[in-house]
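**Q** got a predicted structure here, sequence first:
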Number of protein chains: 2
Amino acid sequence: MDGNDNGRNRRRSGGRAGNAARRGTQLFRQMPWRISQNTDRPTEPLDEEGIAAIHDGAMRILEEIGIEFLNDEALQLFREAGATVTDANVRMGRDWVMEMLARAPSEFSITPRNEARRIDVGGRNLLFGNVSSPPNYFDLSLGRKVSGTRAQCADLLKLSQFFDCIHFVGGYPVEPSDIHPSVRHLDVLHDKLRITDKVVHAYSLGKERVEDVMEMVKLAAGLSEEEFRAQPRMYTNINSTSPLKHDLLMIDGCLRLARRGQAVMVSPFTLAGAMAPVTMAGAVALSIAEALSAIALFQYVAPGCPCVFGTFTSNVDMKSGAPAFGTPEYMRATQMTGQMARFYGLPLRSSGACAANVPDGQAMWETSNSLWAAVQSGTHMVYHAAGWLEGGLVASPEKFVMDCEVIQMIQRYMEPALTATTPDDIALEAIREVGPRGHYFGIDHTQDRYEEAFYQPFASDWRNFEAWQAAGGTWTAERAHGLFRQIVDTFEPPPMAEDRAEALADFVERRTAEGGAPTDF
Amino acid sequence: MDGNDNGRNRRRSGGRAGNAARRGTQLFRQMPWRISQNTDRPTEPLDEEGIAAIHDGAMRILEEIGIEFLNDEALQLFREAGATVTDANVRMGRDWVMEMLARAPSEFSITPRNEARRIDVGGRNLLFGNVSSPPNYFDLSLGRKVSGTRAQCADLLKLSQFFDCIHFVGGYPVEPSDIHPSVRHLDVLHDKLRITDKVVHAYSLGKERVEDVMEMVKLAAGLSEEEFRAQPRMYTNINSTSPLKHDLLMIDGCLRLARRGQAVMVSPFTLAGAMAPVTMAGAVALSIAEALSAIALFQYVAPGCPCVFGTFTSNVDMKSGAPAFGTPEYMRATQMTGQMARFYGLPLRSSGACAANVPDGQAMWETSNSLWAAVQSGTHMVYHAAGWLEGGLVASPEKFVMDCEVIQMIQRYMEPALTATTPDDIALEAIREVGPRGHYFGIDHTQDRYEEAFYQPFASDWRNFEAWQAAGGTWTAERAHGLFRQIVDTFEPPPMAEDRAEALADFVERRTAEGGAPTDF
């Protein structure tokens, strides 16, 4: 890359049959795959005393109040490690916690079946993932909210694959309620591993699901168990049951992944005023205690295992008690947590979230607030970055397309070319040449740089009102709907070697015949 | 203020008849008037070498290439000051420019007829103004773009007065094409000075207009000429005629204001690839040369006169050549210009701008980008912060209402309470009290803080999908339209002493009878 973001189609004229990603981009220009370097100095609302105060609060929660682990194996491990275990309550000393955290890598990679889609987590890397886990779906052609289906889930996976600004695939982009829960993980992971070639995720919802997904990731990439264990190939994300609890299955899933060298992300959902203190620093301190208690355990069990600290601290609506996202409080909590994550040396995950019910103005100011807070906080993995509505209860393909425009702009914003100050950039000779009466359009300095000089949108319409009106006068969400249809209607899945595809299908068939996973949890 | 932003109506139960602003807020809660302190460290894409490179570029433009001043008085002043004047071209040495800039205050105040609405410009103060100067108007009830009228202009002035987050009133919020240009300034300023009590602006469009507006500002505030001259009471904003030119009337207007102690804002419109180099650093360097050449002149004529450096550097649409706003390039140019403004010790103005034609998702992501770039750049005055569409060619009341929600969130974001870390904020005792099984809703720590703890929106709808749908399922722009109608339909103007109102009306009547201002420019 030379800092020119928009040259994908122009530069890549050749092509390999079956490369759906490139075929897809012929619909419109998108920015090619890249992992942006977040060069902005993080916004730091806390001074050193503030960091120390939140750290001390979190450590006192761990030492004096304790966290409940509803998982016997975890309790046994904590006892063995010298923690004070009383029934399910675990209290642990700050020295031990910090000793365990020191084992966690501040940077690591996750490599999916297409190695060119490896993601580097940590450092200045800025990664974006699709919306995960909404039970419901909305699109403009339906005009209403419905329970998710496998077909809608597959469409959202196609968007996740199509957009090069989406680096990893989270949980199900919508829960497919038309698949029985016992085999849902088999069918959706089968879809996911065929439709995408990016990093995938397993829900920590019971031994069978976690083990099945790990097996499927191995089959899709043609990996031996040894190769799988040698480096992270996938990840899981868990939430604590705030306040102050970790449940059986989530800890179980993480332990299974951590022991096999896979990545785990711990994201307490500390909603200020509901399951966390009404004060943002208190909600952040609680989230830190909850996250670190689990991460310390994983480091005890599997020293050096890749862990991500996930922040999901926001506030409730004072009127309804519903969660609000992209608020000023959310932004500051995210920035504060970013400072704390750097203090602990852990990579950070945050989200692209909103409370809006439809992909309208509110949706985009709330999501813009969330995404810029991710940038300002030094977030490494932005979860739910595309497609989220209604506080995570609705997935929307239009919102997905719109969010990708904002994400691409953030990626473009991070290109060093925008702020370069070489003599060529200062352009004194061009200014001299044009003088006071000319126009810059026609000069060589412009013509040489013009096509790649500026961000080129795909969902924004920059025509004047009259031209926009003559072309139909569509509002953003309508345009996004059209782009969504174009993308999924012309989508071709990325290639997968036939033997791997067969092995994967066989596995799903066999495990389905066996009944999948128990559903009595 | 105690950091609680949402308590206006609750706390202020009494009332003075005729206080329209408060009466208006009974419609819904808005945050009370405040001048936020921008406590975030500015985003600094340039290192010291970058700052030096842009400075040197700007200085070489002034020294080697020169700026055209199509104003004989300015040319005479430059000659007198020792600049090299060749026809209209003026070249000036960097030492002289920097000497003049050193005279400019880095902070100053502007006091309107209501002294409680004084604005402090500079330092960490963050001020927002309404949209200025679009020729056209769009609202949802019309559903189309029309030429502006006096009635629409008055409605937008009512919004500008109603919203406490709007600190100053820019140019006409829409050009009223139903008033003859010769008397337009008289009628609109008459409306503006009656409908609002905030800081107002004069267009630098000829001696008569500038002098008339200064006279009207004096009459509305009951000021003698001496009182008027004693401190800034109003301001003008000019654009250079990029590249490299200042025109007759704009410089004339600024000289008239500067000599009477009023504030001037110089905002080159350097659109990269059109009237400025295609490279952002080049476009910024050009804008600096253009702005500083004028500001140096004003400091020569009126040492210490209040000047603001306005940035209006963006890029064109590569497809249509139309201006684009809220782009990554725009954000970086704004941040870079912020660094340069601090280097020169001048207060900074930027904008809340977008290219979108309607108040939709695109409008809000572009405007969010612009407004956050203002924050990140250390901008002091955010022009066009509410109501702008189509690159400034359309004013929209719905967009105005929507933008005020984003502005309020920025104000709330700046409240120190959000990131406080006292023991009360860390809330260890509350966390202990609730333990692992409770809920924070009912405890004293929450109840004592709950009502004022979080930002409360007026245009966002945070209800869940079902409740939102049951209430009509309106998208943001529709809700904003309803709020706009409520505000203007119940609006009462702020009080003005009868003798001042009469003097103002008499002045307008007399000057109208005299024919107003010439229209042959």
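**A** Cool, got the structure.
**Q** which ones are touching the residue in the stretch 301-450 of chain A that chain B sits nearest to?
**A** Relative to chain B, the nearest point of the stretch 301-450 of chain A is A:A427 (3.2 Å; C-beta to the nearest C-beta). Every residue, glycine included, has its C-beta placed from N, CA and C. By C-beta atoms under 8 Å, 6 or more residues apart in numbering or on different chains, A:A427 lies in contact with A:H445, B:G57, B:P277, B:V278, B:T279, B:A281, B:G282, B:A285.
**Q** ok, it to B:G57 distance?
**A** 8 Å (C-beta to C-beta, to the nearest Å).
**Q** again with A:M234
**A** In terms of C-beta to C-beta, A:M234 sits 50 Å off from B:G57.
**Q** cool, A:E514 as well?
**A** Distance from A:E514 to B:G57, by C-beta to C-beta: 71 Å.
**Q** hang on, the earlier thing: pLDDT wise, what is the residue of the stretch 301-450 of chain A closest to chain B at?
**A** For A:A427, the pLDDT comes out at 98.
**Q** got it, and the one 5 residues further on?
**A** Confidence per residue is given as pLDDT, and for A:R432 that number is 98.
**Q** try A:E415
**A** 98.
**Q** cool, A:N6 as well?
**A** Value for A:N6, per-residue pLDDT: 36.
**Q** and for A:Y450?
**A** So A:Y450 comes in at 89 (pLDDT).
**Q** which secondary element of chain A has the worst mean pLDDT?
**A** helix A:8-11 (a mean of 33; mean pLDDT, DSSP states H and E).
**Q** run a quick neighbour tally on the one residue in the stretch 151-300 of chain A that gets nearest to chain B.
**A** The nearest approach of the stretch 151-300 of chain A to chain B comes at A:G282, 3.2 Å away (C-beta to the nearest C-beta). Per other C-beta atoms under 10 Å in any protein chain shown, the neighbour tally for A:G282 reads 29.
**Q** skip the chain neighbours and tell me the closest residue to it.
**A** B:A427 (3.2 Å; C-beta to C-beta, 6 or more residues apart in numbering or on different chains).
**Q** before we move on, what about A:G82?
**A** Using C-beta to C-beta, 6+ apart, the nearest residue to A:G82 is A:W96, at 6.7 Å.
**Q** rounded mean pLDDT for the helix or strand where that neighbour lies, please.
**A** According to DSSP states H and E, A:W96 maps onto helix A:94-101. Averaging pLDDT along helix A:94-101 gives 98.
**Q** do the same with stretch A:178-193
**A** What stretch A:178-193 shows for mean pLDDT is 98.
**Q** again, but for stretch A:509-520
**A** Stretch A:509-520 comes out with an average pLDDT of 93.
**Q** any buried residues in it, and which?
**A** A:R511, A:G516, A:A517 (16 or more other C-beta atoms under 10 Å in any protein chain shown).
**Q** and those, which is closest to chain B?
**A** A:A517 (27.5 Å).
**Q** leaving out sequence neighbours, find the closest residue to that closest one.
**A** That would be A:E208: by C-beta to C-beta, 6+ apart, it lies 3.8 Å from A:A517.
**Q** cool, A:K158 as well?
**A** A:K158 sits nearest to A:F491 (C-beta to C-beta, 6+ apart), 4.5 Å away.
**Q** pretty sure the one you found contacts A:F162?
**A** Yes: with contact defined as C-beta atoms under 8 Å, A:F491 counts as touching A:F162 (6.6 Å).
**Q** what does the stretch 1-150 of chain A put close to chain B?
**A** Within reach of chain B by C-beta under 8 Å from any C-beta of the partner chain, the stretch 1-150 of chain A has these residues: A:39-41, A:43-46, A:49-50, A:53-54, A:56-57, A:60-61, A:64-65, A:67-68, A:89, A:136, A:138, A:144-145.
**Q** now stretch A:299-319, how far from the chain's geometric center?
**A** Distance of stretch A:299-319 from its chain centroid, counting by C-alpha atoms, centre = their mean, to the nearest Å, is 13 Å.
**Q** now do stretch A:102-112
**A** On C-alpha atoms, centre = their mean, the centre of stretch A:102-112 falls 16 Å from that of its chain.
**Q** brilliant, that's me finished.
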